[in-house]
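> Make a model of this:
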Amino acid sequence: HTDTRQTNMGADSSKPEIRYKKELLKLSWRVVLTVQNQANKDSKDPSFASSASAEEKRKTDDVSIKTDKHIQPFHEDFEAQFIKYCPDVAKKFPTDFALVSKMIQTFISNAIDSKEIGPLAKRFAKSHKKYKLEHEHFDGFAQALVDTLQTRLGKFGTIELIKIWREVTNNLVSHMEKVYNSK
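Residues are numbered from 1 along each chain as shown. A predicted model of the protein is given here:
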């Protein structure tokens, strides 16, 4: 039986260091999701690049990250990073990018919130068996995920914060790989 709670931040949440890391993850994840929501709004709004200025667009949003450039949806940034590390997945990458984005977001949210990720890992393993994934794919996935998070966080992605994300992501992906290889 595999320990499904080992990948979350709840190992010993009474320690100040763990609480601090967990709070940093939660806050930075909110920034990433805010950027994602902004990207979704921009991709649905064809006038983004038209006469309305970026400043006017920002004023109409409840919460937004200030940027002058068009923000791509999370899954597009992630796909580009993942293919950089694992070019062979370009032909295998799902066409339902929203599903990929939702899966990643669910895994990360559950890991941060100290929720059980075992059932998610099992579903992932079952649905991905047909791709005959190797260790390099899991490693590439982890690297691509951290790179995508770092891009999304921008100037908020400090060295220390990215180290924390790398630790959590590597643990999460390691668990996914164990479950994938156990069947």
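> Could you tell me the average pLDDT over the top helix by length along the chain, please?
As assigned by DSSP state H, the longest helix anywhere in the chain is helix 16-44. Regarding helix 16-44, the rounded mean pLDDT is 80.
> ditto for stretch 122-142
What stretch 122-142 shows for mean pLDDT is 90.
> likewise stretch 107-118?
On average, stretch 107-118 scores 78.
> in that stretch, what's buried?
For stretch 107-118, the neighbour count (16 or more other Cβ atoms under 10 Å) marks 107-108, 110-112, 115, 117-118 as buried. To be clear about C-beta, it is placed using only N, CA and C from the backbone, and glycine gets the same treatment.
> CSV please, covering those and showing secondary structure and distance to Lys155.
Below are those laid out as CSV (DSSP: H, G, I helix; E, B strand; the rest coil; distance: Cβ to Cβ, whole Å):
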residue, secondary structure, distance to Lys155
Phe107, helix, 26
Ile108, helix, 21
Asn110, helix, 27
Ala111, helix, 24
Ile112, helix, 21
Lys115, coil, 30
Ile117, coil, 30
Gly118, helix, 36
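> Out of those, which is nearest to His137?
Phe107 (15.5 Å; Cβ to Cβ).
> packing partners for the longest helix of the chain?
helix 74-85, helix 97-112, helix 135-153, helix 159-181 (3 or more Cβ pairs under 8 Å, 6 or more residues apart in numbering; DSSP states H and E).
> Report the buried residues of that helix.
Applying 16+ other Cβ under 10 Å to helix 16-44 flags 21-22, 24-25, 28-29, 31-39, 42 as buried.
> what do you get for stretch 72-88?
72-75, 77-79, 81-83, 85-86.
> Pretty sure Phe156 sits against Val32.
No. Judged on Cβ atoms under 8 Å, Phe156 makes no contact with Val32 at a distance of 9.4 Å.
> So which of the buried residues of stretch 107-118 is the closest to Asn170?
Using Cβ to Cβ, the buried residues of stretch 107-118 come closest to Asn170 at Ala111, 11.4 Å.
> picking that back up, okay if I get the buried residues of stretch 72-88 as TSV plus pLDDT?
TSV is the format used below for the buried residues of stretch 72-88 (pLDDT from 0 to 100):
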residue	pLDDT
Gln72	79
Pro73	80
Phe74	82
His75	81
Asp77	87
Phe78	87
Glu79	86
Gln81	93
Phe82	92
Ile83	92
Tyr85	96
Cys86	94
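> and which of these is nearest to Asp139?
Tyr85 (7.5 Å).
> and the closest residue to that closest one other than its chain neighbours, what does it touch?
Sequence neighbours aside, Gly140 is the residue nearest to Tyr85 in space, at 3.3 Å (criterion: Cβ to Cβ, 6 or more residues apart in numbering). When contacts are counted by Cβ atoms under 8 Å, 6 or more residues apart in numbering, Gly140 touches 82, 85-86, 89.
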